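Student: Predicted model and sequence follow; I will ask about them next.
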Amino acid sequence: MRKTLLMTTGLAWLALTAAVSAAPVVTLTPGPDDPLYFEPEAAGQDDFTLGGITWNDVSGTADTEKGSLTDIYAAPLGMGTSQTTGTTYMAVEGGGTETATFATAQTSLTLYWGSIDGGEGGNLNTLSISVDGFTLTGADLVALGASGSGSQTDPNSNELVTISGLKPFTEVSFSSTKDAFEFSIVPPTTTTTGATPEPGTWAMMMLGFAGLGYAAFRRNTKGRALAI
């Protein structure tokens, strides 16, 4: 019995250690795509609230756009190149930063990342999530198999990016060092409220149950010894 309890405690501790050290997971799906999150907004908007997310231009030039404008911004593949009929997206120009603040904490983020700039010619798109300093760059996406050429027509340079396994966060920033960072997001459908416990929570529960079981075992052992 004691061996069983020690093994259970050990497994719970290993699970806890693995959960604490687990890193966020990034998955890519090549375009084209056409997320409609920003569609209710007209072009040229940079400070607004939509779907429980508040957007702010904190530096440089960053605002919603439609279609493409030569040498300024380009619609992600599948979102239409017309400035009148294209789907609205966010464009953060070189040196600019746009932040998104969620009304409720999230543990994942999915965005359609257009014309990925992976560092060629000094171009680099950057996404930073305000939890444990997590940052994802165009160069990181290239390392995962995306193309970082900045092409508006290459599916591998226009990727649906999903980041999961994050600790709860409420703020995300989007920035670019040179050419525009064009993107749209897939609105979150669930929040951390009422969600399934995180792996670390399960591990703590397992560890707690193991400790309670061991304490009960010790009490039973002492009771039997006194009865002899």
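Tutor: Sure thing, it's come through. Numbering: from 1, shown residues only.
Student: After the lowest-mean-pLDDT helix or strand in the chain, heading C-terminal, what element do we hit next?
Tutor: With mean pLDDT, DSSP states H and E as the measure, the helix or strand of the chain carrying the lowest mean pLDDT is helix 2-21 (a mean of 43). Per DSSP states H and E, helix 2-21 leads on to strand 25-30 as the next helix or strand towards the C-terminus.
Student: That next one: how far from the chain's middle?
Tutor: Computed by Cα atoms, centre = their mean, to the nearest Å, the chain-centroid distance of strand 25-30 equals 11 Å.
Student: Just the buried residues of the longest strand along the chain, please?
Tutor: The longest strand of the chain (DSSP state E) is strand 97-106. For strand 97-106, a neighbour-count test (16 or more other Cβ atoms under 10 Å) marks 97-100, 102, 106 as buried. Where C-beta positions appear, they are placed from N, C-alpha and C, glycine not excepted.
Student: Check stretch 167-176 too.
Tutor: Applying 16+ other Cβ under 10 Å to stretch 167-176 flags 169-170, 172-176 as buried.
Student: Rounded mean pLDDT for it, please.
Tutor: Mean per-residue pLDDT for stretch 167-176: 97.
Student: SS state for residue 156?
Tutor: Secondary structure for residue 156, judged by DSSP: H, G, I helix; E, B strand; the rest coil, is helix.
Student: Leaving out sequence neighbours, find the closest residue to it.
Tutor: residue 147 (4.1 Å; Cβ to Cβ, 6 or more residues apart in numbering).
Student: returning to that earlier point: pick out the most distant pair among the buried residues of stretch 167-176.
Tutor: 170 and 176 (22.5 Å; Cβ to Cβ).
Student: now the end-to-end length of stretch 172-182.
Tutor: One end of stretch 172-182 sits 15 Å from the other (Cα to Cα, to the nearest Å).
Student: Sorry, slip of the keys, the one I care about is stretch 146-155.
Tutor: From its first residue to its last, stretch 146-155 covers 9 Å (Cα to Cα).
Student: contacts for it?
Tutor: Stretch 146-155 has contacts (Cβ atoms under 8 Å, 6 or more residues apart in numbering) with 28, 30-32, 68, 74-77, 114-120, 123, 138-139, 141-142, 156-159, 179.
Student: Would you indicate which residues of it are buried?
Tutor: Buried, per 16+ other Cβ under 10 Å, within stretch 146-155: 146-152, 154-155.
Student: now the buried residues of strand 97-106 as a markdown table including distance to residue 51 and pLDDT?
Tutor: As requested, the buried residues of strand 97-106 are exported to a markdown table (distance: Cβ to Cβ, whole Å; pLDDT from 0 to 100):
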| residue | distance to residue 51 | pLDDT |
| --- | --- | --- |
| 97 | 21 | 98 |
| 98 | 16 | 98 |
| 99 | 15 | 98 |
| 100 | 10 | 98 |
| 102 | 10 | 98 |
| 106 | 12 | 97 |
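Student: between those, which is closest to residue 89?
Tutor: residue 98 (11.6 Å).
Student: Quick check: beta-bridge partners of the closest one?
Tutor: For residue 98, the beta-bridge partners under DSSP bridges are residue 57, residue 174.
Student: Repeat that for the one 4 residues further on.
Tutor: Following DSSP bridges, residue 102 is listed with bridge partners residue 53.
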